[in-house]
Structure formats: structure tokens, C-alpha cells
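Asks: give me the fold of what follows.
(one chain, ligands or ions: 1)
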Amino acid sequence: MADRITVTLDGPAGVGKTTLARNVAKKLGIAYMDTGAMFRSIGWKLGKEAEKLTPAEIEQRLTAFEFSLSGAGAKTILYLNGTPVGDEIRTEEVALMASAVATLPVVRTFLKANQQKLAAQVSLIAEGRDMGTVVFPEARYKFFLDATPEERARRRYDQLIAAGETPDMKELTEQIRKRDHQDRSRVVAPLRPADDAIIIDTTDLDIEGVFAAIISNIQ
Ligand code: C5P
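Replies: Coordinates of the predicted model:
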């Protein structure tokens, strides 16, 4: 497909990447690849045992996994070995497992190959931490979203309140800072904007404003 496009959307936790990636995918009629969900799935499948395995053993286990995509826009579905990835990966415990396996070069290499294979098949927007820098350095459209840790914690606070939970603002800000530090300071594929990415500071922008900036740039 000669007119296939890859859009990359990177940024720290809680910056609004998922909502934006879905909306942009819908507007452009392309698929949406949630690479955080891939790391979460691998973390979940390997479980706590991952810490005790050698890189060679992990590499061997990874050969049993393959991700695929179907559909487009908000209806995009991510599959692991033919089964849709569900809400079982959306817990803080799994996020921590994802964060742990995300530091392992063997896991990153495996997922990078799978992500590149999917982007070779369909147009998509890839959301994550290293899409513009490592996985799709040749992508034509690259965006990096940022916002202060306080603002990202406030957004997450509002989401949790809306979901009927009783979050602690201080604790949320602390968690966000911790995850930022882990993601930005790791040796392999640290979170940083690609040199040719468009950086959007969303601290004072609403989601519609960021969406409009991305779409007008692509179109
Ligand atoms: O985006 P999400 O919060 O679902 O990602 C879970 C974890 O996976 C992150 O904390 C990050 O460490 C890792 N990740 C990554 N590279 C990506 C996507 C996610 O290292 N491209």
C-alpha cells in the first residue's frame, strides 16, 4: 500500500496519549496501536517469575507470543495470540510488571519487531514512549506530548473521581513523578522526544486543542 502512513505519539504517563491516539485514528480512518498494552500483556503473561529468568529464557518464552490488530479508529482491537487483550491488564500491579519488563532489551527487541511488522501491514498511529525515537525513526508524522506532573496528576484525579474512586492527590503526583523518572532514566529506549518530533505542551490545552493541532499538522 503506497499511501500507508505511520504516526507516532509519545509522552509520559497520564498525558492523554490514549484518548488522543484513538481520536486521531478515528478521524484518519487508520488503526491505533497501544504499545503500552503490549508491554502490559507481556508483563502479565511472564508474571513475577520474570525476575528469576535469564534473558535467554525470556527470549525463549517470547517466541510463544504474537500480537495482531484488526479494525480501525476507536474500533481497533489488539490481539495476543488471537485473543483480544482485555481489561485484565489495566491494573496498577500489571503496570508495574510492564514497567519492569520494559527495561529488558530482549523484550524491547521482540516488541519492536512485532510493532514494525504491524505497521508494515496497515496505516496506524503508534502510541508509547519510544515510537518516534527507536521503533519508527523514519515515520513522517511524529508528536511528543508533555505536561507538568501536577497537571497530569490532576487529570488522573478527575478520571478516578468520575469513576467513583477516592484518590489521594499527593499520592497520584508522587506515582507520576516516580514513573517519569523510571521511564526517562532507563538505559534502553528512554522516554524522550525524537529530534524531528513536534512537541506539544498540553498543560494549558484541552484535549480538543491538542487534537486540532495534531490533525492540522498531518493534513
Ligand atoms: O502506556 P502505559 O502506561 O500502558 O505503559 C505501561 C508501561 O510500559 C510504561 O510505564 C512504560 O514503562 C512501558 N512502555 C514502554 N514503551 C512503550 C510503551 C510502554 O516502555 N512504547
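Asks: all contacts plus neighbour counts: C-alpha atoms, from now on.
Replies: Will do.
Asks: packing partners for the lowest-mean-pLDDT helix or strand in the chain?
Replies: Least confident helix or strand of the chain, by mean pLDDT, DSSP states H and E, is helix 92-101 with a mean of 84. Judged by 3 or more C-alpha pairs under 8 Å, 6 or more residues apart in numbering; DSSP states H and E, helix 92-101 is in contact with helix 35-46.
Asks: what about the helix it packs on, near the ligand?
Replies: Yes - Helix 35-46 lies within reach of the ligand by C-alpha under 6 Å from any ligand atom, at 35-37, 39-40.
Asks: could these go into TSV alongside pLDDT and distance to Glu174?
Replies: Shown next, in TSV, are the residues of helix 35-46 next to the ligand (pLDDT from 0 to 100; distance: C-alpha to C-alpha, whole Å):
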residue	pLDDT	distance to Glu174
Thr35	98	24
Gly36	96	20
Ala37	97	23
Phe39	96	22
Arg40	96	21
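Asks: state the pair within those residues that is farthest apart.
Replies: Thr35 and Arg40 (8.5 Å; C-alpha to C-alpha).
Asks: quick one, what contacts Ile125?
Replies: Ile125 makes contact with 6-9, 21, 24-25, 30-33, according to C-alpha atoms under 8 Å, 6 or more residues apart in numbering.
Asks: helix, strand or coil for the closest residue to it other than its chain neighbours?
Replies: Using C-alpha to C-alpha, 6 or more residues apart in numbering and skipping residues adjacent in sequence, the residue nearest Ile125 is Val7, 4.5 Å away. The three-state assignment at Val7 reads strand, by DSSP: H, G, I helix; E, B strand; the rest coil.
Asks: next one: the most centrally placed residue in the chain relative to the ligand, how far apart?
Replies: Nearest to the mean C-alpha position of the chain, by C-alpha atoms, centre = their mean, lies Gly128 at 2.8 Å. Taking C-alpha to the nearest ligand atom, to the nearest Å as the measure, Gly128 falls 4 Å from the ligand.
Asks: dihedrals phi and psi, that residue?
Replies: phi 180, psi -140 (degrees, to the nearest 10).
Asks: which residues in the chain form helices?
Replies: Remark: helices assigned in the chain by DSSP state H are 17-28, 35-46, 55-62, 92-101, 105-121, 149-162, 169-185, 207-218.
Asks: now render those helices as TSV, adding mean neighbour count.
Replies: Shown next, in TSV, are those (neighbours: other C-alpha atoms under 10 Å):
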stretch	mean neighbour count
helix 17-28	20
helix 35-46	22
helix 55-62	14
helix 92-101	18
helix 105-121	16
helix 149-162	17
helix 169-185	16
helix 207-218	14
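Asks: can you flag the weakest of those helices by average pLDDT?
Replies: Lowest mean pLDDT within those: helix 92-101, at a mean of 84.
Asks: just want the angle from that one to helix 35-46.
Replies: On the basis of axes from the mean of the first three to the mean of the last three C-alpha atoms, to 10 degrees, helix 92-101 is oriented at 90 degrees to helix 35-46.
Asks: adding distance to the ligand, write the contacts of Ile125 out as CSV.
Replies: Shown next, in CSV, are those (distance: C-alpha to the nearest ligand atom, whole Å):
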residue, distance to the ligand
Thr6, 15
Val7, 13
Thr8, 10
Leu9, 10
Ala21, 12
Val24, 17
Ala25, 17
Ile30, 19
Ala31, 16
Tyr32, 13
Met33, 10
